[in-house]
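# only the shape, not the letters, is given here:
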């Protein structure tokens, strides 16, 4: 018998490590399920979890003779379910995008806004609000200008030069330039906007909110973010190799230029779609990957999946708090910054203490 065909039994240590890896994924999946139920249950119109599950799985609540049950079904299916699902999609996308950029740039402070796509999408959104109005034009304008910003970053970084070793610095610098230009454009639009009607809507949208979430926005964000997540998941081993350095990655047979380009396209698509449907929501791509690393490790088999699950649960919980904590809904971007900045400061402090030992 050929010895190469004999499978060696896994050691107890290896089996235990694999079991811990999958337990972390199941724990995060359970957290996401609980966050989904909480998001559908909590609000000014409180609905019991058992009734939420009945509405989701029976599909007959609208035909119920009880007016209260019919009202609960309308709230769940028309208002809360699209919002909670959109929060899950955006949270998973932004968290995965942040983790990918941190590996690609080998920088723990990298996040989706680094490439200037957020500023480009913000400019496209506010320009559409100024010239046309809210709704579908805003979403389309933000998505188009977000991708234009990504194309501008590639062009400034030198196109083919993006496959060489100096491209990381060039891409960051190009992102800063593009972000600055579009941020100035946003300021100009706010200056000429109608202060009574347009300006308040522009300011509120820029602070980030899922208040306008509906099925149309969910259906627009889902394919864009989904394609980006599929690309990043397919590149998870390449990103792990790139986190060790470009020379090591090339030594492992990784096509660095192609992996970098695909990663940036995926991150740009996710970021542009996120800004298009809910405005600028920061800190998710920065905080969540660090929380997952510190809590569950960085095993390449499950790390990106864990980041997606953690990001989805995180944004659902934050959005639920944003719409239930006070009488007036707190802008989502403001709340993620208020929660994310102290949390990230705690993580940095903890890492610093670990380095001192």
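Yep, it's here. Owing to the predicted nature of the structure, the values given are computational and were not obtained by experimental measurement.
# what residues are up against the nearest residue to residue 322 once chain neighbours are set aside?
Nearest residue to residue 322 in three dimensions, chain neighbours excluded: residue 330, at 4.4 Å (CB to CB, 6 or more residues apart in numbering). For the C-beta atoms, the positions are set from N, CA and C on the backbone; glycine is no exception. Counting by CB atoms under 8 Å, 6 or more residues apart in numbering, residue 330 touches 321, 322, 323.
# please apply the same query to residue 68.
For residue 68, no residue counts as a contact, taking CB under 8 Å, 6+ apart as the criterion.
# same deal with residue 231?
Remark: with contacts taken as CB under 8 Å, 6+ apart, residue 231 is in contact with 262, 263, 265, 266.
# so which strand or helix has it?
Counting by DSSP states H and E, the element that carries residue 231 is helix 215-234.
# quick one: which of the contacts of residue 330 has the most company?
Taking other CB atoms under 10 Å as the neighbour criterion, residue 322 ranks highest of the contacts of residue 330 with 22 neighbours.
# that one contacts residue 328, correct?
No: contact between residue 322 and residue 328 fails when scored by CB atoms under 8 Å: they sit 10.2 Å apart.
# show me the shaky parts of the stretch 151-300 of the chain.
Across the stretch 151-300 of the chain, residues meeting the criterion (pLDDT under 70) sit at 159-167, 299-300.
# pretty sure residue 267 contacts residue 99?
No: shown here, residue 267 and residue 99 do not form a contact pair, counting by CB under 8 Å, at 10.1 Å.
# and stretch 28-35, what's buried?
Neighbour counts over stretch 28-35 (16 or more other CB atoms under 10 Å) mark 28, 31, 32, 35 as buried.
# pLDDT, distance to residue 128 and secondary structure added to these, as CSV?
Putting those into CSV (pLDDT from 0 to 100; distance: CB to CB, whole Å; DSSP: H, G, I helix; E, B strand; the rest coil) gives the following:
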residue, pLDDT, distance to residue 128, secondary structure
28, 94, 36, helix
31, 95, 36, helix
32, 96, 33, helix
35, 96, 32, helix
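# and the two most separated of those residues?
Within the buried residues of stretch 28-35, 28 and 35 form the most distant pair, 10.2 Å apart (CB to CB).
# what touches both of those two?
Listed contacts common to residue 28 and residue 35 are residue 313; contacts here mean CB under 8 Å, 6+ apart.
# quick one: list the elements packing against the host helix or strand of residue 178.
Residue 178 is part of helix 167-192 when elements are defined by DSSP H and E. Here helix 167-192 is seen to pack against helix 81-105, helix 117-131, helix 136-156, helix 198-206 when contacts are counted using 3 or more CB pairs under 8 Å, 6 or more residues apart in numbering; DSSP states H and E.
# of these, which approaches residue 232 most closely?
That would be helix 81-105 among the helices and strands packed on helix 167-192, by CB to CB, at 5.1 Å.
# which other helices and strands contact the closest one?
helix 12-41, helix 167-192, helix 215-234, helix 236-242, helix 256-278, helix 284-296, helix 303-324.
# nearest to residue 47 among the buried residues of stretch 28-35?
Proximity of the buried residues of stretch 28-35 to residue 47 (CB to CB) peaks at residue 35, which lies at 15.6 Å.
# can you give me every residue that contacts that closest one?
Remark: with contacts taken as CB under 8 Å, 6+ apart, residue 35 is in contact with 312, 313, 316, 317, 320.
# distance to residue 115 added to the residues you listed, as CSV?
Rendered in CSV, the data for the contacts of residue 35 read as follows (distance: CB to CB, whole Å):
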residue, distance to residue 115
312, 22
313, 25
316, 25
317, 27
320, 29
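# of the residues you listed, buried ones?
Among the contacts of residue 35, the ones that count as buried by 16+ other CB under 10 Å are 312, 313, 316, 317, 320.
# redo those residues as a markdown table? Include distance to residue 251 and pLDDT.
Compiled in a markdown table, the buried ones among the contacts of residue 35 are given as follows (distance: CB to CB, whole Å; pLDDT from 0 to 100):
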| residue | distance to residue 251 | pLDDT |
| --- | --- | --- |
| 312 | 35 | 97 |
| 313 | 37 | 97 |
| 316 | 41 | 97 |
| 317 | 42 | 96 |
| 320 | 46 | 95 |
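# of those residues, closest to residue 46?
Of all those, the one with the least separation from residue 46 (CB to CB) is residue 320, at 12.3 Å.
# relative to residue 24, how far out is the closest residue to that closest one other than its chain neighbours?
If you skip the residues right next to it in sequence, residue 320 has residue 39 as its closest partner in space, 4.7 Å away by CB to CB, 6+ apart. In this view, residue 39 and residue 24 are 22 Å apart by CB to CB, to the nearest Å.
# of these two, who's got more company?
Set side by side, residue 39 and residue 24 give different neighbour counts by other CB under 10 Å, the larger being at residue 39 (26 against 21).
# the more buried one contacts residue 80, doesn't it?
Yes: look at residue 39 against residue 80 with CB under 8 Å: they come within range, at 6.6 Å.
# let me know the pLDDT of the residue nearest the centre of the chain.
Nearest to the geometric centre of the chain sits residue 94, at 1.6 Å (CA atoms, centre = their mean). For residue 94, the model assigns a pLDDT of 95.
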